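**Q** Just to be clear, the model below is a prediction. Sequence and coordinates:
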Amino acid sequence: MPITYTSNEQVEVYRFSLPAAILIPLIAVFLQAFVPLRFQFFSIFDLPLLVVIFFAVARRSPVAGLLTGAAIGLLQDSLTGHPLGLYGIAKTVVGYGASSLGVKLDVENAGSRFLVTLFFYVVHEIVYFTIARGLVGLTLQWSWPRELGSALANAALAVVLFALLDRFKQRT
Amino acid sequence: MENLISRYRNVTILVAVLFVQVLGLAVQVKRSTPDESTRLIRVWAVDAVTPFEKGIVWFQSSVSNLWRNYFYLRGVRQENRDLKLQIERLRIEQARLNQDAEQARRLQLLLGFKEQFISKTLAAQVIGSSGSEQSRSIYIDKGSRDGIKQDMAVITADGVVGKVLRVFRSTSQVLLVNDQTSGVGAILEKSRLQGVLRGTALGEVVLEKVMSDETVQPGERVVTSGGDQIFPKGLPVGTVTKVSPGPELFLNIRVKPAADLSRLEEVLVITQQEEKEPAAADGATPIRAADILAQRLPSVPDRPPDDPSKPPPPTSGLKIFSAPTASGTSATTALPKPSGGSVSTHAQSSLGQNSLATTPKPRGDSAGSANNPGNVSPAIKPSDNSSAVKPATPRKPAAVKAPDNGANAGSDGQSQPASATPDSQAKQPATEPTPPQEQPQ
């Protein structure tokens, strides 16, 4: 599970075509809204979050990462019954953090992707719960076993998903 | 300053973006008016996502229907036979229930009840969910152009699902009852304890605001109370699964929803409710509750006119009565005549309206004689309104007792249920067009 430190000159920065940049988040949000209707267990995954992490670490631009996170998060918020911005803020932080980390670390291999996703899933949940409880006043219950289980599941899915999404990368 | 911003450009942008979102969030949270308009981003997001969901659902249902309706027909004949038998059974059951329902309506009319009727529903298909475990809501394929409005109740055949949260042109968002922001007025079916049904963060449903000194048993059914002005009264909500002491002075009652909220496919939106007083039977002549009860109750022996000048009738043999029925025709009833005479409760309960509005007749004025056109007592003459001064007792409408207690006293015990109240008390509300509270006191 090598996680290597890379200098700015060594890292590769990717970009994505416009259709891919628009359709991939949309499909992720769509699947997140639709699949749990048929398969209840799927709700433990957070596909939009995985897409945010993927775009952030691939582009390696904090601004692009946070804007992508904000857009996808707000899109996800708009499908819930809660105020807009809960997922938006959480995914903005994750987008910024993942892209900043992507500059420092090599996140191209499966092991580092697993750990990065594991870490940022927990960060995402902490930010979400903090905002939801502190600002909005929702009574959410934090459960470490449950969150860690979800984090592991999302990290495992991320390894597979990122490998698929790598096909849409374009070298700059 | 510019150098500082350009040096920390990324962090600055991050803070700016977060600030905008927090600001937007704060504005939303502060808005608590119920008629808050839907934001454009919600409309765009829903419009972008729901067509795909609709398309997939349509394709899936088309393929499924094609398979089920044209190819996979194994066991259909047997099922058809079973269903026909079931229909026959249900028809018999329905006939009986219709009688009971008519009776209930009449009794409710007597009591001045107002009912809420689900007069119109709209079937809708579930096409999506919120995709979040923290927000439990679904999307249906009907919207404002189909007549859906905010806060309409959404149900299935099993029970309550939720209410319409937001309405778009062709879709709507439904807040499920297990969302923690939802609230449904509910009542326990047996103990009649009222509470508020809420969702929890884990997606469970609990009944709140039930005092801890009350006794609630697991397995008891929970129905809507109608107090929230959204759900009609009496819809099944769920079943109590666990009861434990809760915070403060309240019980923590966990409820299993009657509708399977994780497997919703089709739902019904209640688009119209009416509140009206229950109408009597649709026929030209309303049938009184007392008549129905009289038909079901055993006959009460008649008591002969208490005329000392006449010899008492023979104590054996049959006596023929010709009594008007509710529809105006006469019914002939042959009853055995025990000692003391006989009277048919049917015949007695089918007396004219004016006779029912009279005060209890004095002892010796028999009901049997009232049926005889040639022997009409002054107390039951149509013009004798002065006698209708007995206060009505609308909560005992089932009484069909003869006014003379002595007649029933000598009869068998089967007439006991019919002897709850005097005749005029029981029948006056049914025969007067005005509500019971408007009766002269």
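**A** That came through fine.
**Q** Give me the contact list for stretch B:229-241.
**A** B:116-118, B:151-153, B:155, B:158-160, B:163, B:177, B:184-186, B:188, B:197, B:205, B:207, B:216-226, B:253-258, B:270, B:273 (CB atoms under 8 Å, 6 or more residues apart in numbering or on different chains). For glycine as for every other residue, the C-beta is placed from the backbone atoms N, C-alpha and C.
**Q** Can you point out the buried residues in it?
**A** Using 16 or more other CB atoms under 10 Å in any protein chain shown as the test for burial, stretch B:229-241 gives B:230-232, B:235-240.
**Q** among the residues you listed, which are in strands?
**A** B:236-240 (DSSP state E).
**Q** Which members of those residues are the farthest-apart pair?
**A** Farthest pair in those (CB to CB) is B:236 and B:240. Separation: 12.4 Å.
**Q** Which element, helix or strand, includes the most centrally placed residue in chain A?
**A** By CA atoms, centre = their mean, chain A has its centre lying nearest to residue A:49, at 2.7 Å. Using DSSP states H and E, residue A:49 maps to helix A:47-59.
**Q** Give me the nearest residue to the residue nearest to the centre of chain A, chain neighbours excluded.
**A** Among residues not flanking residue A:49 along the chain, residue A:124 sits closest, at 5.6 Å (CB to CB, 6 or more residues apart in numbering or on different chains).
**Q** Contacts for the helix or strand encompassing the one you found, please.
**A** Element membership for residue A:124 (DSSP H and E) is helix A:110-131. Helix A:110-131 is contacted from outside by A:1-3, A:46, A:49-50, A:53, A:57, A:85-87, A:89-91, A:93-94, A:97-98, A:101, A:105-107, A:140, A:142, A:147-148, A:150-152, A:154-156, A:158-159, A:162-163, B:22, B:25, B:134, using CB under 8 Å, 6+ apart.
**Q** orientation of it relative to helix A:47-59 in degrees?
**A** 120 degrees (axes from the mean of the first three to the mean of the last three CA atoms, to 10 degrees).
**Q** Next to chain A, which bits of the stretch 151-300 of chain B? Give me the list.
**A** B:165-166, B:173, B:175, B:179-181, B:200-202, B:262, B:264 (CB under 8 Å from any CB of the partner chain).
**Q** how about the residues you listed in a markdown table, adding neighbour count?
**A** Formatted as a markdown table, these follow (neighbours: other CB atoms under 10 Å in any protein chain shown):
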| residue | neighbour count |
| --- | --- |
| B:165 | 21 |
| B:166 | 21 |
| B:173 | 26 |
| B:175 | 24 |
| B:179 | 26 |
| B:180 | 21 |
| B:181 | 17 |
| B:200 | 15 |
| B:201 | 17 |
| B:202 | 12 |
| B:262 | 15 |
| B:264 | 21 |
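**Q** tell me the two of those that are most distant?
**A** Across those, the longest distance by CB to CB is 24.1 Å; it joins B:166 and B:202.
**Q** Show me what the lowest-mean-pLDDT helix or strand in chain A is packed up against.
**A** The helix or strand of chain A with the poorest confidence is strand A:170-171; it has a mean of 78 (mean pLDDT, DSSP states H and E). Counting contacts by 3 or more CB pairs under 8 Å, 6 or more residues apart in numbering or on different chains; DSSP states H and E, strand A:170-171 packs against strand A:14-15.
**Q** Test my guess that residue B:218 contacts residue B:251.
**A** No: contact criterion CB atoms under 8 Å: residue B:218 and residue B:251 do not qualify, at 11.8 Å.
**Q** Name the residue in the two with the higher neighbour count.
**A** The residue with more neighbours, out of residue B:218 and residue B:251, is residue B:251; 24 against 12, by other CB atoms under 10 Å in any protein chain shown.
**Q** Output the below-cut-off pLDDT ranges for the chain.
**A** Let's take chain A. Applying pLDDT under 70 to chain A flags residues A:1-11, A:172.
**Q** Chain B was what I was after
**A** Those would be B:1-2, B:4, B:29-41, B:110-118, B:275-441, if you go by pLDDT under 70 across chain B.
**Q** Show me which strand runs longest in chain B.
**A** With DSSP E as the criterion, chain B gives strand B:115-129 as its longest strand.
**Q** and the very next helix or strand once past it, which strands flank it?
**A** For strand B:115-129, the following helix or strand on the C-terminal side (DSSP H and E) is strand B:137-140. Note on strand B:137-140: by DSSP bridges, its sheet partners are strand B:115-129 (antiparallel), strand B:172-176 (antiparallel).
**Q** ranges for the helices of chain B?
**A** Taking DSSP state H as the test, the helices found in chain B are B:2-7, B:9-30, B:40-66, B:76-111, B:289-296, B:345-349, B:353-356, B:367-370, B:405-409, B:423-431.
**Q** again with chain A
**A** In chain A, the segments counted as helices under DSSP H are A:18-38, A:47-59, A:62-78, A:86-104, A:110-131, A:144-165.
**Q** Can you tell me which of these is nearest to residue A:171?
**A** Shortest distance between residue A:171 and the helices of chain A, using CB to CB, is found for helix A:47-59: 10.7 Å.
**Q** Could the C-alpha coordinates of the closest one be exported in PDB?
**A** Extracted C-alpha coordinates of helix A:47-59, given in PDB (Å, rounded to 0.1, in the frame of the first residue of the first chain):
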ATOM      1  CA  LEU A  47     -21.600   8.100  -4.900                       C
ATOM      2  CA  PRO A  48     -21.500  11.900  -5.200                       C
ATOM      3  CA  LEU A  49     -18.900  12.000  -2.500                       C
ATOM      4  CA  LEU A  50     -16.700   9.500  -4.400                       C
ATOM      5  CA  VAL A  51     -17.100  11.500  -7.500                       C
ATOM      6  CA  VAL A  52     -16.000  14.700  -5.700                       C
ATOM      7  CA  ILE A  53     -13.000  12.900  -4.300                       C
ATOM      8  CA  PHE A  54     -12.100  11.500  -7.700                       C
ATOM      9  CA  PHE A  55     -12.300  14.800  -9.600                       C
ATOM     10  CA  ALA A  56     -10.500  16.600  -6.800                       C
ATOM     11  CA  VAL A  57      -7.500  14.300  -6.700                       C
ATOM     12  CA  ALA A  58      -7.300  14.000 -10.500                       C
ATOM     13  CA  ARG A  59      -7.400  17.800 -11.200                       C
END
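**Q** by contact count, what packs against that helix?
**A** strand A:14-15, helix A:18-38, helix A:62-78, helix A:86-104, helix A:110-131, helix A:144-165.
**Q** any idea how far that helix is from the chain center?
**A** Offset of helix A:47-59 from its chain centre (CA atoms, centre = their mean, to the nearest Å): 5 Å.
**Q** got the contact list for residue B:142?
**A** Neighbouring residues of residue B:142 by CB under 8 Å, 6+ apart: B:122, B:124, B:148, B:170-172, B:269.
**Q** That's all I had, so thanks and see you.
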